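following is a predicted model, sequence given first.
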Amino acid sequence: MKHFFWFAAFFILLFAGDRLGGYFLQRQVDGSQFRYSRLYGGRAACDILLVGNSRGLTFYQPYMEEKTGNSTFNLSYNGLPMDLANALIEDYVDQYPPPKMLLIDITICDRTNDELLTGFLAYSTYSPRLSALIRTKQAKIWWAGRVSSLFRFNNEIFQRALYYRSRSDADWLLDRVISPKLAASAAENAYDLEPQPYLVQQLAASVRAAQAKGVAVHLVIGPYFPGFQVKNLDQFKSAVEEATGLTVYDYRAALPDPSLFGDYMHANKNGAMRYIDLLLGDGVLKAGD
Amino acid sequence: MIFNSLAFLIFAAVFFSVYFFLKGRWRLVWILVASYVFYGWWDIRFLGLIAFSTAMDYLFGLYLADTHEPGRKKRVIIASVVMNLGFLSVFKYFNFFAASFAALLHGFGLEASWTTMNIILPVGISFYTFQSMSYTIEIYRGEMKAERDLLKYATFVGFWPQLMAGPIVRAKELLPQFHVERPFEWTRFYSGLGRVLWGFFKKCVVADSLAPFADQCFQAPGSFGSLHLLIGVVFYSFQIYCDFSGYSDIAIGMARIMGYTFPENFRTPYFSRSFSEFWTRWHISLSSWLRDYLYIPLGGNRHGKLGTYKNNMLTMLLGGLWHGANWAFVFWGFLHGLYLIVQRFTTPPWRRLVQWTRMPAWLDDGMAMAAVYVLTLLAWVYFRAGSMGGKSFEVANTVLAGIFSGEGFSWEAVINKFQVMKGFLLIAMLLSIEISNIRYHWNQLQLISPAWRMAAFAGLLWLIAFLGTFGANAFIYFQF
């Protein structure tokens, strides 16, 4: 009998500790300056909403705000897929006054990333859309998050929320100059873009949701390292234009100087600033708009 | 079936819920059936192989026991060894030797006309083959009697907790345990459960969390800076330790719950002060197998210095080859053989230096541990690259060249810093628990204090939920 009591006490401790730990960690996430904590904490109102995968981080916010005089909010994340971005964008437009502009780097439709979805379990309690998406794509993980509160914080998104607990992530950018060795072999490397009709449809849904709220939407392809080949990009651009009815501004070869890149896929801080200058010059971004 | 999977949780629940209600032979039948389900879950076709190997060694054992003519006994033991090594050669080494021989012929300007065969490596074959061989060899040597009960012998070979990746349990250690009824004991249950949870912590929390960073370093070594690669190699050293020792912990714990005792397979190997000590702390069941069935029969240290060096090197080369059909594994064995030999030269002057300088013991031990760890790390680079096919040496050399180049030896050049920070946090947790365990013997403490047990078990489960990586990643040693 004493073993029965031991087990009963053990499971009570296990459950209570898990829930208490989960509550404590949720508080840390809620109080963070991390972008998604701000999004779901009502602290993300902006004039320009920026979206992309890691390439979307080249929308360097401090410089963009300085040049345009508008506030910005960036939903981009490394490997962010468009279906997840769509949930975030729709949550944004539902919860905030419409921004003046939504700027999306369309290479976010490159590939799905169901693994990253698990990272957003920490925010799933605030968003039925996120919760439904995770449940559809990662049912086991979703259930695990229901069983264990601690499990919801077992991911890099939570670590980042902790890291940005008391600091801004608005200047989050790969800031280095590509190594000469890597730069020299750019032409020998190629990236196979994997445009997915499902993700293009998700992008179109985001565009429609934003436009329905009167938000101006601009689609762009950010710069790639000069000479670096990205396969299927033209075909992909046409598919996006057809699905959204919008023109895609193509900056893939806009930065010819190799020193403006951190690697083949990402402009560094100087490159990001030059890119923003080009967006301003072409009227995609407007000063004081 | 792998331990860190939902299928295994269901398997274990069904197995144990029936196991303790059975007694005598029915219990052995249940273990055997469960073991074959456990093994067949991976690939049902290879059940025939394990059954055939079991039946043959059972018959060889009986024949060895019943014959007293030395010449005939010798022929039988040779037949048993040839059969077991034959299976290994066909399933594990055929392509390796065929490709190596073709490369050799190519070097002489000749072209081989054959191609390699598409052979699937049966999981755990190296483990159960060595286990079976130990049985017939020990009967041949007169160190144990033949098992006349096929059910008991088949259960010994197929015993599911250690079937896939060890520990390699000798026949004389495990078979006698099947002759005694094993009633349920709460002490064994709690002790075993504690060990299982610790194994899951090592595997799911430490090994699988370190794996992505280490894998990335070996998949594209040219893309990373010196510090990044060095961290990758350090992470791999802890990944493989926690992966393999985690499996052993789970196996030992499961067997303990069932009432059986397995030998220890790891004893904090990275705290070794010499390579001879390292091999008494790392994969103990394999190193002691190689010592007893290879090193000592070769002559051990009984034939002078040169003979000892030769035997050390041969044992380590074959130990390397046991791990996988790739020259990089052999080279890993060569490095460890070399370390063992060089250590014999360097130890006497080092001891004299320690005495002469009156070096404190902590410094002496610390420097020795650091030296052993760093050299082990170097060897791990080739071991990790060994599973990368034909490019293994190229990969290993690129990783080492990258580390020693010093290019990008800065924190800024490290990519995936969150993984790095988490990795070091987990390593620090592991080491602090292992170091404190030397003094506090956590698994003993939990048996004395129910409150401590409750806190320890819950704590481990919270850590697994909060920090674990759950991709049902197979254990590294399954491939061997």
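The structure has been received and is ready for your questions.

which residues of the stretch 151-300 of chain B lie near chain A?
Within the stretch 151-300 of chain B, the positions near chain A by CB under 8 Å from any CB of the partner chain are B:186, B:223. Just so you know, the C-beta spots here come from the backbone N, C-alpha and C atoms, and that holds for glycine as well.

what sits against the residue of the stretch 151-300 of chain B found nearest chain A?
Going by CB to the nearest CB, chain A is nearest to residue B:186 of the stretch 151-300 of chain B, at 6.2 Å. Listed by CB atoms under 8 Å, 6 or more residues apart in numbering or on different chains, the contact set of residue B:186 reads residue A:3.

now do the same for residue 285: its pLDDT.
Here I'm looking at chain A. Here, the pLDDT recorded for residue A:285 equals 90.

not quite, go with chain B.
Value for residue B:285, per-residue pLDDT: 91.

please, which helix or strand holds it?
Following DSSP states H and E, one finds residue B:285 within helix B:284-290.

which residues are in contact with that helix?
B:130, B:134, B:166-170, B:263-267, B:279-280, B:315, B:318-319, B:322.

do a quick rundown of the strands in the stretch 101-250 of chain A.
Listed in chain order, the strands of the stretch 101-250 of chain A (DSSP state E, counting those that start in this stretch) span A:101-105, A:190-192, A:216-221, A:229-231, A:248-250.

helices or strands up against the third one?
When contacts are defined as 3 or more CB pairs under 8 Å, 6 or more residues apart in numbering or on different chains; DSSP states H and E, strand A:216-221 sits against strand A:101-105, helix A:197-212, helix A:233-244, strand A:248-250.

which outside residues touch the third one?
In this case it means helix A:233-244. Helix A:233-244 has contacts (CB under 8 Å, 6+ apart) with A:106, A:109, A:193, A:195, A:197, A:200-201, A:203-204, A:207, A:217, A:219, A:221, A:246-248, A:250, A:252.

swap in the second one?
Helix A:197-212 is touched from outside by A:49, A:51, A:81-83, A:85-86, A:89-90, A:93, A:98, A:102, A:104, A:106, A:108-112, A:217, A:219, A:239-240, A:243-244, A:246, with contacts defined as CB under 8 Å, 6+ apart.

how about a cut-off of 10 Å?
A:49, A:51, A:81-90, A:92-94, A:98-99, A:101-102, A:104, A:106, A:108-112, A:196, A:215-217, A:219, A:236, A:239-240, A:242-246 (CB atoms under 10 Å, 6 or more residues apart in numbering or on different chains).

and it, how far out from the chain's middle?
Relative to the centre of its chain, helix A:197-212 is centred 15 Å away, using CA atoms, centre = their mean, to the nearest Å.

filter the contacts of helix A:197-212 down to the buried ones.
Buried subset of the contacts of helix A:197-212 (neighbour count, 16 or more other CB atoms under 10 Å in any protein chain shown): A:49, A:51, A:81-90, A:92-93, A:98-99, A:101-102, A:104, A:106, A:108-112, A:196, A:215, A:217, A:219, A:236, A:239-240, A:243-244, A:246.

figure out how far the helix holding residue B:285 is from the centre of its chain.
Worked out by CA atoms, centre = their mean, helix B:284-290 lies 10 Å from the chain centre.
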